[in-house]
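**Q** mind looking at a prediction? Sequence and model below.
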Amino acid sequence: MLELCNINKAYAEGRKVLTNLSYTLKAGEYVAIMGESGVGKSTLLNLIAGLDTPDSGEIRINGAAISSLDDDAATRLRREQFGFIFQAFHVLPHLTLSQNIALPLLLNGVPLDRVEQMLANVGLRDRGHHFPRQLSGGELQRVAIARALIHRPKLVLADEPTGNLDPDTAHEILQLMRAEIKANGATGIIVTHSHAAAATADMILNLTKDGLHPVESEGA
Amino acid sequence: MNTASLSRWLLFGEWRAHLVQVIVALIAIAIGIAMGFSIHLINTAAFNEFSAASKSLSGQADLQVRGRKAMFDESLYPLLANTAGVALVNPVLELDVAIPGKQHNRNDQKLKIIGIDMFRATQISPDLLGLPAEGETLDRLASDTIFLSPAAMEWLQVKQGDSLQVHAGLQTVTLRVAGGLVRARAGQRIAVMDIGAAQWRFQQLGVLSRIELKLQDGVNHAAFKARLAKELGESYVVAELADQETRVANMSRAYRVNLNMLALVALFTGVFLVFSTQALSVIRRRQQFALLRVLGFTRQQLLRQILTEGAILGVIGSLLGLGLGYAVAALAIQLLGGDLGSSFFPGVQPSIYFDSLAALTFFLVGLGVTLLGSIAPALEAARAKPALALRSGSEDTAMAKLSPPWFAVICLSIAALFTQLPPIFELPIFGYLAVALLLIGGIALMPRFAAWFFSALQARWHSGRIGAVFTLVLARLANAPNQAAVALGGILASFSLMVAMAIMVTSFRVSVDDWLGRVLPADLYVRAASTGDQGGFQPDVQQAVAALPDFDRVDFFRTQQLMLDANRPEITLIARPVDRSDARNTLPMTDAMMAPASWPDGVMPVWVSEAMVDLYGYRVGEKVILPIGATSNEFLVVGVWRDYGRQFGAIQMQLADYQALTGDVSVNTVALWLQTGINLDAAIAKLRQLPFGAALEISRSGDMRALSLEIFDRSFAVTYLLELVAVVIGLLGVAASFSAQTLARAKEFGMLRHIGVMRRQILTILAAEGGLLTVLGIALGFVLGWGISLILVFIVNPQSFHWTMQLHLPWSWLTLVAVIMLVSAALTALLAGRQAVSGHVIRAVREDW
C-alpha cells in the first residue's frame, strides 16, 4: 500500500535526517513509529502526506509516486485517501462537532449521511450541535478521530494522538482509534513516544539513522 | 532579569514578528495627526495673517467709531475731536473700487482704497503712509495720486509713475501711482490716498467710513467706550480693536472648526485601526499572556505591558504625524495659499510657523486615542482567567467582551439625545459628538449584526448545497464574527463617513443649484461698482436702461451692508421689488411665512434669511428695529428665506419702502428679462452702447450660476481629499487586520491543507470572507452614513452656517464608491491571504509532531 524507496532528506541547513530509507507497508496494517527526538519522524510524516518532497527516492501509494504529484494532485490525494489525527486536535472552533466531522465529506462532495453514525461511534451521539469549546480534551480528540475516518481513507496518519491526554483517556482514545481504523479497513501509522500508545499497533517501527527497524511489540 | 527587560522582550518580539501591522498602525496614526495638524497650521497661519492685515489698517487706535451703514456724515469728526479724553482723531474713508479689465465677480477682485489724513496717520497708523519719489513729498497730499502696496502693484501690473484707472460707480477715475506702501503685509492688496482727494475724486464729499480715536493717557477705555456709545446713540458703533478681532474670528470660525473636524475624521478612522491592531495582537497572544500569568506576571503588569505597547505606537505615530503635518502645511501654503478654496481669507500670503502648543495638543490627542484604542484589549487580557485562556478556541469569546451590546446601545441613545441639544458658542459641538457616538455605537453593533445575519444565511443554506468552502466561510462569519468584524472597524468608519459626506455635499449642491435658479431668475444682471453709500446707478441711468426695448421686465436692487452688532460681521440689506401677495414668487422662502392678510396696517415688511433667525433671534411676526433711514425704524418680519450666499445674515425689503425711508434712489444691480426672440449677445451689445456702457459689469445668469457652482466645488475639494485619506486609512486597516488574522489562523489553514483543502480554496475562503463582510459593512455603513448625513444636513450645517437644505442622495456616486470598496477589500483580503497558502502555514501544525 505504501512504499518508501531510498528516501533521502536533509534540512535546509544541510543536516541529513533520512538516509536511504526504504520500507513497505501493506494495506490494513497498523504500525507505530517511535524514535528519538529529531530523528525525522515529523519529516517522514510530511513526506508521506505529500506536504514535503524528498531530496531523492520515491514514495508510492498504491503504486502511484506521490513525490511527482503537483500541489493540487497531492491535495486531492490527501483529501480522498488520507486521514489525519494531530496531537493538538486542530478542531475548528467556529464549526459545530457535526460540521467539523463532515468537513472531509464536504471536500469530497459526497453525502453527509455518515456523520451521525461516526458521532455515535466515537461516543458523542446527540452532541453534533455542540461547539468545540464545550468539550474536554479527550472528547475533542474523539472528534478528530471521527473526522479522520469519516470518508473511509486508505491511510490514517496520527501524530502523538494522546500526547495531550491523561493516561486513562489516552488508553480509551487509542483503543477507539485502533478499532475505527480496523473497522474502516484503513492502514494506520501512529507516531509516538509513548510505549503504551505504540503497543496498540500491530507492529512497532523504530526510526534511527539507519532506517526503520521493526521492534518486538509490547502489547496488542 | 527584571520586568522591564521582559517587557522589552515581549514588545520587540511582537513587533519583529508583525512588523507590517505595526507599520500600518503607525502610518494610520501619523496620517490622522498630520491631516489635523496641517489643517490647523494652515488655518491658523491664514487667520493670523488676515487678522494682522485687518489690524494693520487701524494702526494703534484705541477705539473706532463706525456707522451702522457703510458711510456717515463727517460732522461727527469735530464733535469727537472736542470730546474730553480724546488725544487724537483720525478720519478714514474706505472704498472698494473696481478695476477695468479685471473680473468683478468675487470680492477679492476689488481694490481697497483707504483715504487718510496724512498728518494724523503719522501718529496713529504710520504703516499706511505712502513712500513717494525723492523730493516729491507733496504727492502724499495731491489730488491725483495713489500709493499702492507691493501686492496691489503686482496684481495691477503698475509701477511708480504709471497711471491707474479705477471704476467708481459708472465713473472712471484716473490716478497716478506716486509710490508704494512698503509696510503693507505680504499679499495685502490696498491703496492709500489723501482723504480729501478721495472724497472729491470718488464723489464722497462730506462722508467718512470710520473715525479712529487715540485716548489720552489714564483714560479708562471701557468706561469711555460705554459713555461714547451712549452719547452717539443707535446710529453708531464704538468698537475696540479686540471687537474687530472677534468679528474677523467670527467670520471664519465655523468654517475653520468644520475643517478641523473633518481632518479629525482621518484620525478617528485611525483609532479603529489602532484598536483592531491592538485587539488582534492581544487575542493572538492570549495563550502567551496566560502563560505569563501562570508564571507570575500580575494583572497590573500585563495591563501596563499592553498599554505601554499602545503608548509607544502613539508616541512614534504622533511624532511622525507632526513632522508630516508641518511639511504638508508648508507645501500646501506654497501651492494653494492659505485659502484652501474657501474664500474666507482672500489674498493673504501667510507663512507657516511651528505652533508648539498646537503640536503638543495634537501629540496628546494622538497618544490619547492610541491609548483609547488599546485600553479595551488590555483590560480583556488582564481580566482573562489564565486556565481558560491557555486553551485555544476561546479567542472569539474574548473578543465578544470588547464589543458588548449595552455599550453600543448607550452610545446610540446618547447620540440620539445629543441631536436634540442646541449649539454651544454657536458651534454644533453636540452635533459632532452625536456623529462620533453614532459611529462608535454602529461599529460596536457590527459583530452582533454579523452573527445574526450570517447565522440566518447559514440556516438557510444547507452545507450539502453550498460545499465545504462556503460552509467554512459562513460558519466562521456566523460563529466567530468578532474577529472578522474588528477588521471592518476602520473601513466601516471611513465608508460611513464617506457616505455621510457625499450625501451632505450633494444635498448642499443640489440645494444651492435650486437656490441659484430661484435667486437668479433674470437673463442678465448688470452691476456698477458702489461708491461708498451710493449705488452705482443713479435715476437717469436707471431710466436709460429701463427704456431699452429688448427687455420684458427690469428690476432694480439696492444692496448695502449694515452693522447690527459690533462683534459680528455686517449683514446685507437688499431692497428690491418683492411680490407682496406671495413672496415665494420672488424669494426662496422656507415654510416660515406670514400671510399678507394678517400683516397689520402701516407696517413695513422685511423677509430675513435663516442666519438672522439663528444669530439675531428674529422670528416671523416679530417687530424689529433696523437702522435704515435717517433714524432707526420699525419693521415686521413676515417671512424667512433661504440664503446660501451670506452666512452672516441678510434682510430683504421692498425697494419702495427703502427709498421712502432713506431718500436714496440709487441702485447697485439691475436684473433684466429678455423679450422672447431677442438674442442675448445683441442685448448685451446694446447695453454696452449706452454712454456709460463700458463701466457696466454685465453677467449672464447661466455664467453666474456656473461660476457659483465652480466656487462651491472648489471649496469642497479639501473635504473630498480628507475623505479620501480616511478611506485609504480604512483600507490599510483592512489589510493589516486581515493579514494579522491570516497569521493567527495559520494552524486552521494548516489543518485544512492537511485534510485536502487546496491553495485556491483557501484563497477563495479568504476572499469570500472579506467580500461578504465588506458587503455587510457597506450595507451597514450606508445606513450609518445616512444617519450621520441627517445630523450633518439638519443639525451641523444649520448650526454652523445658519442655512438649511433638503436631503438628496447621490445614488450613482454611492454605488461607485461601494463597488470600489468591495473590490478593494476583497483584493486586500486576497493579498493578505497569500501567507495563508505558503509552505510554512502547512507546517503550522508541526509543533505537535
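**A** Thanks, I have it.
**Q** and the helix or strand hosting residue A:58, what's its mean pLDDT?
**A** Using DSSP states H and E, residue A:58 falls within strand A:56-61. Mean per-residue pLDDT for strand A:56-61: 90.
**Q** what's the answer for stretch A:128-138, then?
**A** What stretch A:128-138 shows for mean pLDDT is 86.
**Q** so what does residue 149 have for phi and psi?
**A** Since you didn't name a chain, this refers to chain A. Note on residue A:149: backbone dihedrals following degrees, to the nearest 10 are phi -110, psi -10.
**Q** that was the other one, I meant chain B.
**A** Torsion angles, degrees, to the nearest 10, at residue B:149: phi -70, psi 160.
**Q** that one and chain A, how far apart?
**A** Using C-beta to the nearest C-beta, to the nearest Å, we find residue B:149 at a distance of 71 Å from chain A. No exception for glycine: its C-beta is placed from N, CA and C like everyone else's.
**Q** skipping adjacent residues, who's closest to that residue in space?
**A** Closest residue to residue B:149 apart from its sequence neighbours, by C-beta to C-beta, 6 or more residues apart in numbering or on different chains: residue B:184 at 3.4 Å.
**Q** now the one you found: how far from residue B:361?
**A** 33 Å (C-beta to C-beta, to the nearest Å).
**Q** residues in contact with stretch B:676-683?
**A** For stretch B:676-683, the external contacting residues (C-beta atoms under 8 Å, 6 or more residues apart in numbering or on different chains) are B:523, B:524, B:548, B:550, B:551, B:552, B:672, B:674, B:700.
**Q** gap between the two ends of it?
**A** 12 Å (C-alpha to C-alpha, to the nearest Å).
**Q** check stretch B:177-194 too.
**A** Terminal residues of stretch B:177-194 lie 13 Å apart, using C-alpha to C-alpha.
**Q** so how far is that stretch from its chain's centroid?
**A** 31 Å (C-alpha atoms, centre = their mean, to the nearest Å).
**Q** do stretch A:200-217 as well
**A** Distance of stretch A:200-217 from its chain centroid, counting by C-alpha atoms, centre = their mean, is 16 Å.
**Q** thought residue B:450 was touching residue B:474?
**A** No. Residue B:450 is beyond contact range of residue B:474, at 11.2 Å (criterion: C-beta atoms under 8 Å).
**Q** list of residues touching stretch A:11-23?
**A** Residues outside stretch A:11-23 that contact it (C-beta under 8 Å, 6+ apart): A:2-10, A:38-40, A:43-44, A:47, A:54, A:57, A:205, A:209-212.
**Q** what about residue A:101, which helix or strand?
**A** Applying DSSP H and E, one finds residue A:101 within helix A:97-108.
**Q** can you tell me the element residue B:591 falls in?
**A** strand B:589-593.
**Q** give me the buried positions along that strand.
**A** B:589, B:590, B:592, B:593 (16 or more other C-beta atoms under 10 Å in any protein chain shown).
**Q** same check, this time on stretch B:817-829
**A** In stretch B:817-829, counting by 16+ other C-beta under 10 Å, buried: B:817, B:818, B:821, B:822, B:824, B:825, B:826, B:827, B:828, B:829.
**Q** per-residue pLDDT, the fourth one?
**A** So that's residue B:822. pLDDT, residue B:822: 83.
**Q** tell me the contacts of residue B:453?
**A** residue B:776.
**Q** also residue B:712?
**A** So residue B:712 contacts B:508, B:509, B:512 (C-beta under 8 Å, 6+ apart).
**Q** any idea which helix or strand carries it?
**A** helix B:701-715.
**Q** after that helix, next one along is what?
**A** Where DSSP H and E defines the elements, the next helix or strand beyond helix B:701-715 is helix B:717-744.
**Q** average model confidence for that next one?
**A** 72.
**Q** if we can go back for a sec, any chance of the buried residues of stretch B:817-829 in JSON lines, with secondary structure and distance to residue B:500 too?
**A** As requested, these are exported to JSON lines (DSSP: H, G, I helix; E, B strand; the rest coil; distance: C-beta to C-beta, whole Å):
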{"residue": "B:817", "secondary structure": "helix", "distance to residue B:500": "12"}
{"residue": "B:818", "secondary structure": "helix", "distance to residue B:500": "14"}
{"residue": "B:821", "secondary structure": "helix", "distance to residue B:500": "14"}
{"residue": "B:822", "secondary structure": "helix", "distance to residue B:500": "19"}
{"residue": "B:824", "secondary structure": "helix", "distance to residue B:500": "19"}
{"residue": "B:825", "secondary structure": "helix", "distance to residue B:500": "19"}
{"residue": "B:826", "secondary structure": "helix", "distance to residue B:500": "24"}
{"residue": "B:827", "secondary structure": "helix", "distance to residue B:500": "25"}
{"residue": "B:828", "secondary structure": "helix", "distance to residue B:500": "23"}
{"residue": "B:829", "secondary structure": "helix", "distance to residue B:500": "25"}
